[in-house]
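S.K.: dropping a prediction and its sequence here:
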Amino acid sequence: MDIENLIILIYILALATFVGFELITKVPPTLHTPLMSGANAISGVTIVGAILASGPDPYQFAIAKVLGMLALLFATINVVGGYVVTDRMLQMFKKKK
């Protein structure tokens, strides 16, 4: 991976961050928790990307492996948190015994 590809990837990351922030701020507060908890639970595809980023490529930068492992950690926390919040919300709608 040369420096030009690294700059392109950083540019894509910055644009994705901006677009994601703009989309999330447009969601009404009443829909934010159910929508985001479901989206977090479904975003397991991020884990696949993180595994690929921290893969066994010997010609890869060491920083890419570290960032890939951090992405894997944060994506796992995100997915588990999405399931926990969704389950907790569904428990609120069950009838009390």
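M.R.: That came through, no problem.
S.K.: tell me the centre residue of this protein?
M.R.: The residue lying closest to the centre of the chain (CA atoms, centre = their mean) is residue 75, at 4.8 Å.
S.K.: tell me the pLDDT at that residue?
M.R.: pLDDT, residue 75: 88.
S.K.: repeat for the one 3 residues further on
M.R.: At residue 78 the predicted local confidence, pLDDT, stands at 84.
S.K.: count the neighbours of it for me.
M.R.: For residue 78, the neighbour count with other CB atoms under 10 Å is 16. C-beta here means a position set from N, CA and C on the backbone, and glycine is covered the same way.
S.K.: so where is this structure shaky, pLDDT-wise?
M.R.: Applying pLDDT under 70 to the chain flags the ranges 1, 32-33, 36-38, 41-42, 58.
S.K.: report the contact partners of the residue nearest to the centre of the chain.
M.R.: Counting by CB atoms under 8 Å, 6 or more residues apart in numbering, residue 75 touches 43, 44, 46, 47, 49, 50.
S.K.: 10 Å instead?
M.R.: 40, 43, 44, 45, 46, 47, 48, 49, 50, 51 (CB atoms under 10 Å, 6 or more residues apart in numbering).
S.K.: any chance of these in JSON lines, with neighbour count too?
M.R.: Formatted as JSON lines, the contacts of residue 75 follow (neighbours: other CB atoms under 10 Å):
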{"residue": "40", "neighbour count": "21"}
{"residue": "43", "neighbour count": "13"}
{"residue": "44", "neighbour count": "13"}
{"residue": "45", "neighbour count": "10"}
{"residue": "46", "neighbour count": "17"}
{"residue": "47", "neighbour count": "17"}
{"residue": "48", "neighbour count": "11"}
{"residue": "49", "neighbour count": "13"}
{"residue": "50", "neighbour count": "20"}
{"residue": "51", "neighbour count": "14"}
